[in-house]
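Engineer: Provided below are the primary sequence and the corresponding predicted coordinates.
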Amino acid sequence: MNDVATLTKKDFESNQDVRWCPGCGDYAVLAQIQKLMPTLGIARENFAFISGIGCSSRFPYYMETYGMHSIHGRAPAIASGLKLARPELSVWVVTGDGDALAIGGNHFIHAMRRNIDLKIILLNNRIYGLTKGQYSPTSELGKKTKTTPHGSIDRPFSPVAVALGAGATFVARTVDADQAHMAQVLKRAAEHKGTAFVEIFQNCIVFNDGAYDAITDKSLRDDARLLLEHGKPLIYGKGRDKGVRLRGLEPEAVALGEGGVSEADLVVHDEAAEHGGLAFFLSQFDAPALPVPLGVFRAVSAPTYEEMTLQLHADAEARKGRGTLAGLFNSGDTWTIK
């Protein structure tokens, strides 16, 4: 057992060969999480990483912590059970757009509405990579893949919007190509008490290469992305000369200085607003009409599910005493089988 104060990134690297395609964005995410772990002041044996099925779900093999490579779409359910049984653990779910939003959609939303103290990291490459290039719930309209040869006619999910709609108390987005930004967002998520959801735009170099070029290419990204800052107006652009204001109830991209537009006219970000309307409003932004928001959309406090569960148990024990399994079996209606 290592002293928490002396843990390093290397202590969280397992002896397994990392088997993702060369150039896959998953490598960057793995490195940032391994760097983050020793800064949290938590003993290594008190971490658990749970995954489902998909490229991203190989994560537990590469973390020198407890973990489980579980069932397709069911990682949030397994992680929820673990957190309720062992509330002292730091439990992380690593999933993908297909794993979380298709077969696992039900487990995904209910973990968030309950506000279980889980950290849910969704690597969104807008494709099924492990099964070799089928369209996923986040693939763009018109996307041509092996299962949509004429182009997808399904409107894609916004994972951030789904998380907000499910009531997640912490919702954020980052991108694999900006490691400094990713590190900040993951740190914030780790420190949040309750369900913390982070969508990471992740490039699949084999089956969906370049999906996020507009917000990762250094020559383009400043005009295509919006870095959210709490308490500050929505400003973006290479010269920080663009912003977003409201025209009625509709967002509008504007150029600062044109037509008398100033910072005072812009929407101000409030991640801590009690009402989630502003965060959901931001979740609908998409290029090219509006910049793609990155950062923390929402961060609010609420009682966690495991805290309320423990209180329920304590209250019941105070009223009725500590029960026994035999007593439970023989209480209420019983049947005799002959």
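Structural biologist: All right, it came through fine.

Engineer: hmm, who's touching stretch 240-250?
Structural biologist: Contact partners of stretch 240-250, identified using CB atoms under 8 Å, 6 or more residues apart in numbering, comprise 223, 226, 233-236, 251-257, 261, 263, 265-267, 285, 290-291. Using the backbone N, CA and C atoms, a C-beta is placed for each residue, glycine as well.

Engineer: in it, what counts as buried?
Structural biologist: In terms of neighbour count (16 or more other CB atoms under 10 Å), stretch 240-250 has its buried residues at 242, 243, 244, 245.

Engineer: Residue 323: which of the residues you listed is nearest?
Structural biologist: Of all these, residue 244 has the smallest distance to residue 323: 56.5 Å, by CB to CB.

Engineer: if we can go back for a sec, dump the buried residues of stretch 240-250 to a markdown table, plus pLDDT and distance to residue 305.
Structural biologist: A markdown table is the format used below for the buried residues of stretch 240-250 (pLDDT from 0 to 100; distance: CB to CB, whole Å):
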| residue | pLDDT | distance to residue 305 |
| --- | --- | --- |
| 242 | 97 | 41 |
| 243 | 97 | 39 |
| 244 | 98 | 35 |
| 245 | 97 | 38 |
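
Engineer: Can you flag the buried ones in the contacts of stretch 240-250?
Structural biologist: Buried subset of the contacts of stretch 240-250 (neighbour count, 16+ other CB under 10 Å): 223, 226, 233-236, 251, 253-254, 256, 261, 265-267, 285, 290-291.

Engineer: since we're on residue 154, how many residues are nearby?
Structural biologist: Residues lying near residue 154 (other CB atoms under 10 Å) number 14.

Engineer: go on, residue 274?
Structural biologist: 7.

Engineer: Checking it next. Helix, strand or coil?
Structural biologist: Put simply, residue 274 is coil when judged by DSSP: H, G, I helix; E, B strand; the rest coil.

Engineer: Surely it is in contact with residue 300?
Structural biologist: Yes - in this structure, residue 274 is within contact of residue 300 by CB atoms under 8 Å, at 6.9 Å.

Engineer: can you give me the helices in the stretch 201-338 of the chain?
Structural biologist: Under the criterion DSSP state H, counting those that start in this stretch, the stretch 201-338 of the chain contains helices at 213-216, 277-283, 305-320, 325-329.

Engineer: A strand includes residue 171, no?
Structural biologist: Yes - assessed by three-state DSSP, residue 171 belongs to a strand.

Engineer: pLDDT score for it?
Structural biologist: Note on residue 171: pLDDT of 98.

Engineer: So what pairs up with the residue nearest the centre of the chain in the strands?
Structural biologist: For the chain, the residue nearest the mean C-alpha position is residue 198 (2.4 Å; CA atoms, centre = their mean). For residue 198, the beta-bridge partners are residue 121, residue 172 (DSSP bridges).

Engineer: how about it, what does it touch?
Structural biologist: Residue 198 makes contact with 119, 120, 121, 122, 172, 173, 174, 185, 186, 189, according to CB under 8 Å, 6+ apart.

Engineer: same thing but 6 Å
Structural biologist: Counting by CB atoms under 6 Å, 6 or more residues apart in numbering, residue 198 touches 121, 172, 185, 189.

Engineer: Tell me how far it lies from residue 253.
Structural biologist: 26 Å (CB to CB, to the nearest Å).

Engineer: Could you pull out the strands in this protein for me?
Structural biologist: Secondary structure of the chain (DSSP state E): strands located at 47-51, 66-69, 90-96, 118-124, 170-175, 196-201, 225-227, 235-236, 242-247, 250-255, 292-299.

Engineer: Columns distance to residue 15 on top of these, output as a markdown table?
Structural biologist: Converted to a markdown table, the strands of the chain look like this (distance: least, CB to CB, whole Å):
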| stretch | distance to residue 15 |
| --- | --- |
| strand 47-51 | 16 |
| strand 66-69 | 14 |
| strand 90-96 | 19 |
| strand 118-124 | 23 |
| strand 170-175 | 28 |
| strand 196-201 | 25 |
| strand 225-227 | 37 |
| strand 235-236 | 43 |
| strand 242-247 | 48 |
| strand 250-255 | 49 |
| strand 292-299 | 34 |
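
Engineer: Residue 307 and residue 78, how far apart?
Structural biologist: Distance of residue 307 to residue 78, computed by CB to CB: 20 Å.

Engineer: Those two: who's more crowded?
Structural biologist: Comparing residue 307 with residue 78 by neighbour count (other CB under 10 Å), the higher total belongs to residue 78, at 19 against 15.

Engineer: Kindly provide the distance from the more buried one to residue 28.
Structural biologist: Between residue 78 and residue 28 the computed distance is 26 Å (CB to CB).

Engineer: Number of residues surrounding the nearest residue to residue 188 once chain neighbours are set aside?
Structural biologist: Excluding the flanking residues, the one nearest residue 188 by CB to CB, 6 or more residues apart in numbering is residue 296, at 5.9 Å. Counted by other CB under 10 Å, the residues lying close to residue 296 total 25.
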